[in-house]
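1. pasting the sequence and the predicted model now:
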Amino acid sequence: MRIRVLLVTLCFGRCAANWEQWWTYDGISGPDFWGLLNPDWHLCSRGRAQSPIDLDPQQLLFDPKLRPFIMNPVKVSGTLLNTGHDIVLKLNDTLSPKINITGGPLAYQYTLSEVHIHYGNHDELGSEHTIAGKRFPAEIQFLGYNAELHSNLSEAIELRESSGLVAISVLLQLGNTSHSEFRHITSQLHKITYRDQETPLEDFEIERLLPSTEEYMTYSGSLSQPGCVESVRWIVMNKALQVSKQQLYLLRKLMQGDQDNPKAPLWNNVRPLQALNNRVVYTNIDFKRSKDSRCPTMQKNMYYTANPRNFQDDLTMY
C-alpha cells in the first residue's frame, strides 16, 4: 500500500494538469486514490454521504408524503460521447424546451443536463447501486441541476450546495427483446468506439427510458465520479428497464482509449459501494397496502419489506 500511495504522489505532479482524464476505475488511479489525485476531490476519500450505496429492503423507511416525480415529455437533441470513463449523452442546453424534473422528494425545479451509462463485462456486474446486494448488468443515471439556483450543471457542481443536483437511477435487466428507446443510443455506439469520439443524437424522448412505475427509493448522496460532491438527491426507480443481450453486447465493445491506443474495454466503470453512515433511505412504496402488483419488481419473485414507521418530522427532504 505504501508503494502504491507513493506512485500516486509522484504522478500527481506530472499529471495534475490532466487529472480529468487520468483517473480510472482500477489500479493506482482508481476509486481508492481519487481523493489523492486532486485536492478538490477530497470528498472521494473523506466524504460521509457518498454514492453509490446498497439499497437494503429491510432499512427502507416509508414516507407517505412522497409523491411521484414528473419529468416533462419533450423531444430533445444532444451529443453522445465516449469520455473514456463512461458513455454520456449531453443535452443541448441552448435549445428549448428543456426537460424539467419536479415533485417527488424535490422542493425545487431541476433541469436534466446529462445521461450517464455504467455497465459491466457480464450480467452480474454493471450497476453502481445494488438492491439487497444484487448488481444488475447496467445502470442509467439522469443528472440534472437546480434550475432555480443555478444556470447550468457545471455551476451547480462547483458551488456544492446541498440541493444543487438530482440524479435518477434506472437499473437495466436482461430481457427477451430490445428496448426501443434505448436502441436510439445503442444503434449509435459504433460511432463512439474510442475515447473522445462523439455523435449527435436527435429527437430523443428521454422520459421513455424511465420504467413504468411511480415507485422509487430516495436518499441524500454524491456524484459517483470525481470530485464526489455531496449535493445529490438520488432517486432510484423501483423497476428495472428490460434490454436485450445484443444491446448489452454493443456497450461492451467500447474502449477506454483512442483509436491509436485503445487501452482496455470501457466496461466495469463502477465505483465500489459506499458506507451509508446513518443516512436514511426513504421510499414511497406502501408495503402494507398490497402484496401483489404493487410489490417491487427489481427482481422476479423477490418481495421486499420495509420499515413501516413513517419518517420523522424533523428529518427534512430536499
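-> Sure, I can see it.
2. tell me how many other residues surround the closest residue in space to Gln50 that isn't next to it in sequence.
-> If you skip the residues right next to it in sequence, Gln50 has Gln274 as its closest partner in space, 3.8 Å away by Cβ to Cβ, 6 or more residues apart in numbering. Quick note: C-beta positions are derived from backbone N, CA and C, even for glycine. Residue neighbour count, defined by other Cβ atoms under 10 Å, stands at 22 for Gln274.
3. now do the contacts for Gln274.
-> Going by Cβ atoms under 8 Å, 6 or more residues apart in numbering, Gln274 touches 50-53, 221-222.
4. out of these, which is nearest to Asp123?
-> Out of these, the one with the shortest distance to Asp123 is Pro52. That distance is 18.1 Å, counting by Cβ to Cβ.
5. quick check: the closest one vs Gly27, distance?
-> According to Cβ to Cβ, to the nearest Å, Pro52 and Gly27 sit 20 Å apart.
6. again, but for Leu266
-> Looking at Leu266 against Gly27, where the rule is Cβ to Cβ, the gap reads 15 Å.
7. pick out whichever of the two has more residues nearby.
-> Leu266 (29 against 11).
8. so the more buried one touches Gln256, yeah?
-> Yes: applying Cβ atoms under 8 Å as the test, Leu266 and Gln256 come out as touching, 5.3 Å apart.
9. how about the strands in the stretch 201-318 of the chain?
-> Per DSSP state E, counting those that start in this stretch, the stretch 201-318 of the chain carries strands over the ranges 216-221, 232-237, 241-243, 282-283.
10. got it, and the stretch 51-200 of the chain?
-> Taking DSSP E, counting those that start in this stretch to define them, one finds strands in the stretch 51-200 of the chain at 54-55, 61-62, 69-71, 76-82, 87-91, 100-103, 110-119, 130-131, 138-146, 165-174, 198-204.
11. what about the chain, any weak spots by pLDDT?
-> Within the chain, the ranges that satisfy pLDDT under 70 run 1-19, 289-318.
12. which stretches of it form helices?
-> Counting by DSSP state H, the chain has helices at residues 2-15, 19-22, 34-37, 43-46, 153-159, 183-186, 245-251.
13. could you pull out the buried residues of the last one?
-> The one in question is helix 245-251. By neighbour count on 16 or more other Cβ atoms under 10 Å, the buried set for helix 245-251 is 247-248, 250-251.
14. the fifth one too?
-> Along helix 153-159, the positions that meet the burial threshold by neighbour count (16+ other Cβ under 10 Å) are 153, 156-157.
15. could you dump that helix to CSV, C-alpha only?
-> Below are the C-alpha coordinates for helix 153-159, written out as CSV (Å, rounded to 0.1, in the frame of the first residue of the first chain):
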residue,chain,number,x,y,z
LEU,A,153,-24.7,21.8,-14.4
SER,A,154,-21.1,22.9,-14.1
GLU,A,155,-22.1,25.8,-11.8
ALA,A,156,-24.2,23.5,-9.6
ILE,A,157,-21.3,21.1,-9.2
GLU,A,158,-18.8,23.8,-8.5
LEU,A,159,-20.9,25.6,-5.8
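16. packing partners of that helix?
-> strand 138-146, strand 165-174 (3 or more Cβ pairs under 8 Å, 6 or more residues apart in numbering; DSSP states H and E).
17. what's the angle from the first one to strand 165-174?
-> When you say that, I think you mean strand 138-146. Here the directions of strand 138-146 and strand 165-174 differ by 160 degrees (axes from the mean of the first three to the mean of the last three Cα atoms, to 10 degrees).
18. off-centre distance for strand 138-146?
-> Distance of strand 138-146 from its chain centroid, counting by Cα atoms, centre = their mean, to the nearest Å, is 5 Å.
19. by contact count, what packs against it?
-> Contacting strand 138-146 under the criterion 3+ Cβ pairs under 8 Å, 6+ apart are the following elements: strand 110-119, helix 153-159, strand 165-174.
20. and these as a markdown table, adding distance to Ser187?
-> A markdown table is the format used below for the helices and strands packed on strand 138-146 (distance: least, Cβ to Cβ, whole Å):
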| stretch | distance to Ser187 |
| --- | --- |
| strand 110-119 | 14 |
| helix 153-159 | 26 |
| strand 165-174 | 16 |
